[in-house]
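Asker: attaching a predicted model along with its sequence, questions to come.
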Amino acid sequence: MSSIKLNLVLCSAILYLLVCVNTQSVHRRFEYKFSFKPPYLAQKDGSVPFWEYGGNAIASGESVRLAPSLRSQKGAIWTKQAVSFDWWEVDIMFKVTGRGRIGADGLAFWYTTQRGDYTGEVFGSSDRWNGLAVIFDSFDNDNKHNNPYIMAMLNDGTKVFDHKSDGTTQLLSGCLRDFRNKPFPTRARVEYYMNTLTVYFHNGMTSNEADYELCFRAENVQLPRGGFFGVSAATGGLADDHDVIHLLTTSLHSQQQQSGGGQQMSADEQQKLSQEYQEYQKKLDQQKEDYRKEHPDEVRDKDGEFDDWFESDGQRELRQIFQGQTQIHDILRDLNKKVDEVIGKQMNSLSMLTAVYGHSQGQPIQPGAAPPAQMGSLPIGRHDWDALVTNNQIMANTIAELKGFIIEVSRKSDSLIAAGGQGAAASGINPQFLNEIRDSVLQVKQTVNSVAQRLTTQPQVQAMGGAACPEVSCVSFTSMLLVVATQLSLMFLYSVYKEKKEAQAKKFF
Ligand SMILES: [Ca+2]
Ligand SMILES: [Ca+2]
């Protein structure tokens with residue numbers, strides 16, 4: 001009993017915490033100047049609006065290939081503007097793919113005071129950076145069998161990244177996750193809010209948006225203000241393709257920030273920004289229109305590329321397997337949620353019944369009887385008490401009805417056995433099958449007898465103790481009766497069906 005109470009206290013404490021967290025709501029704003037995504041990620045001149053890229057990086061309409069699967073390639077993409085907000089969340093969707101069982105070197109997300117070089121030494125960007133690097137390190141340089149690895153490293157502009165040890169002694173935190181060659185794009189969500197840095201990772205085994213898991217959380221992280229966002233990648237002797245499909249930035253503002261001086265600024269700024277955005281959108285639409293006019297045969301070309309539209313048997317099979325897996329995963333998660341709900345409800349009812357039982361010990365519950373004298377101190381009112389007593393009565397009546405029903409079924413099954421025995425020779429029903437049915441029916445009869453016995457002894461026990469039947473066994477008992485009844489009816493139907501079928505088969509011969 002004490003463990004149940006302890007659990008309840010814990011549950012309410014967690015609920016309270018959740019409510020507290022929810023009340024401190026975060027205002028979020030999508031920052032299009034610090035984001036890119038398909039379609040039309042790159043414009044027709046190859047530029048990515050608000051971003052600049054270099055090295056071996058190539059941008060297309062669908063993704064930015066930071067480093068292709070060739071030896072010793074380096075590339076990066078950086079925001080043109082410095083960040084103007086304190087707290088942010090960046091969602092990066094990327095793919096690291098290669099033919100090898102192992103690949104190299106990896107990819108890095110940056111938030112630094114200066115944009116890095118396009119030919120730097122650290123995953124395609126500069127060493128001795130000032131700010132944050134979240135590194136997706138594919139290659140196991142120190143041969144400790146702990147790569148691919150995701151890690152964050154802070155630098156004040158003095159430290160040189162130690163490739164030989166994969167930065168093991170320098171990292172802030174990290175997690176061992178494989179991000180290469182996944183069926184769906186992998187994703188990372190880097191959140192920096194109130195000096196807490198959190199990295200979530202989506203392993204790309206499903207296409208479900210909600211399947212992020214925590215990689216690490218670090219508190220008291222001080223990042224410099226006004227930095228630049230960037231993503232870079234590099235290959236070595238081994239080479240993977242490093243593609244970034246999208247990078248979406250959201251600025252995070254606490255409630256205080258909203259109600260403070262930020263309000264005035266945001267009204268003007270917002271109007272200016274939305275105007276700018278509309279102009280940009282118009283320009284983009286115009287360019288798309290021009291492009292279509294200049295390339296009228298584009299549609300016809302696309303028709304010719306039928307090969308892309310088909311998939312091989314292997315590809316289809318794989319796709320179907322992953323779709324199935326995703327569905328199973330979703331169902332399991334929903335089931336988990338429901339089981340949690342049921343457990344919660346059960347705990348509530350248990351605690352209520354425990355309270356009632358504790359106070360009414362020694363005083364049998366009689367239908368229509370007045371509640372006990374100490375009712376006033378109970379956590380339930382008279383109304384609840386009456387409801388409980390009525391429920392009890394209804395339950396007893398239902399059990400009595402079920403008993404009658406089962407006795408009837410039992411009688412019918414007896415006559416069925418007798419008829420089956422006579423008709424077996426005539427209709428040619430397999431004697432083994434009949435024996436099986438007989439065994440099952442005998443088993444059921446035994447169960448029914450024991451049930452009937454229990455039903456007759458139960459009222460006496462109730463009259464003596466008032467609570468000799470614990471709540472849990474009552475519930476399983478009723479469901480057991482139902483199962484027995486269903487089983488009997490099914491068997492009856494099956495034997496009739498079989499007889500008919502055999503008779504039909506006979507007609508054919
Ligand atoms: Ca490495
Ligand atoms: Ca390593």
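Answerer: Nice, thanks for sending it over. Ligands and ions are numbered 1, 2, ... in the order given.
Asker: for the rest of this, base every contact and every neighbour count on C-alpha atoms.
Answerer: Noted.
Asker: enumerate the residues of the stretch 101-250 of the chain near ligand 1.
Answerer: Taking C-alpha under 5 Å from the ion as the contact definition, the stretch 101-250 of the chain meets ligand 1 at 139-141, 166.
Asker: one more time with 6 Å
Answerer: For the stretch 101-250 of the chain, the residues in contact with ligand 1 (C-alpha under 6 Å from the ion) are 137, 139-141, 163, 166.
Asker: want to try TSV for those residues, with secondary structure and distance to Met93 as columns?
Answerer: Shown next, in TSV, are those (DSSP: H, G, I helix; E, B strand; the rest coil; distance: C-alpha to C-alpha, whole Å):
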residue	secondary structure	distance to Met93
Asp137	strand	16
Phe139	coil	20
Asp140	coil	23
Asn141	coil	25
His163	helix	25
Asp166	coil	23
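Asker: tell me the secondary structure for the closest residue to ligand 1 within the stretch 251-400 of the chain?
Answerer: Closest to ligand 1 within the stretch 251-400 of the chain is Phe322: 29.7 Å, counting by C-alpha to the ion. The three-state assignment at Phe322 reads helix, by DSSP: H, G, I helix; E, B strand; the rest coil.
Asker: what's the average pLDDT for stretch 72-84?
Answerer: Averaged across stretch 72-84, the pLDDT comes to 97.
Asker: buried residues in that stretch?
Answerer: Residues 72-80, 82-83 are the ones in stretch 72-84 that count as buried (16 or more other C-alpha atoms under 10 Å).
Asker: what does stretch 226-240 give?
Answerer: 226-236, 238-240.
Asker: can you narrow the residues you listed down to the ones near ligand 2?
Answerer: By C-alpha under 6 Å from the ion, no member of these lies near ligand 2.
Asker: around ligand 2, which positions in this structure sit nearby?
Answerer: Contact residues (C-alpha under 6 Å from the ion) of the chain with ligand 2: 140-147, 166.
Asker: name only those of those residues that count as buried.
Answerer: By neighbour count, with 16+ other C-alpha under 10 Å, the residues of the chain next to ligand 2 hold 140-141, 146-147, 166 as buried.
Asker: CSV please, covering these and showing pLDDT and distance to Tyr291.
Answerer: Below are these laid out as CSV (pLDDT from 0 to 100; distance: C-alpha to C-alpha, whole Å):
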residue, pLDDT, distance to Tyr291
Asp140, 95, 45
Asn141, 95, 47
Asn146, 94, 48
Asn147, 95, 44
Asp166, 96, 46
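Asker: which of these lies closest to Ala355?
Answerer: Distance to Ala355 across these (C-alpha to C-alpha) is lowest for Asn146, with 53.5 Å.
Asker: contacting residues for the closest one?
Answerer: 140, 176 (C-alpha atoms under 8 Å, 6 or more residues apart in numbering).
Asker: helix or strand: which one has it?
Answerer: Asn146 belongs to no helix or strand when assigned by DSSP states H and E.
Asker: likewise for Ala355?
Answerer: Here Ala355 is covered by helix 313-359, with elements defined by DSSP H and E.
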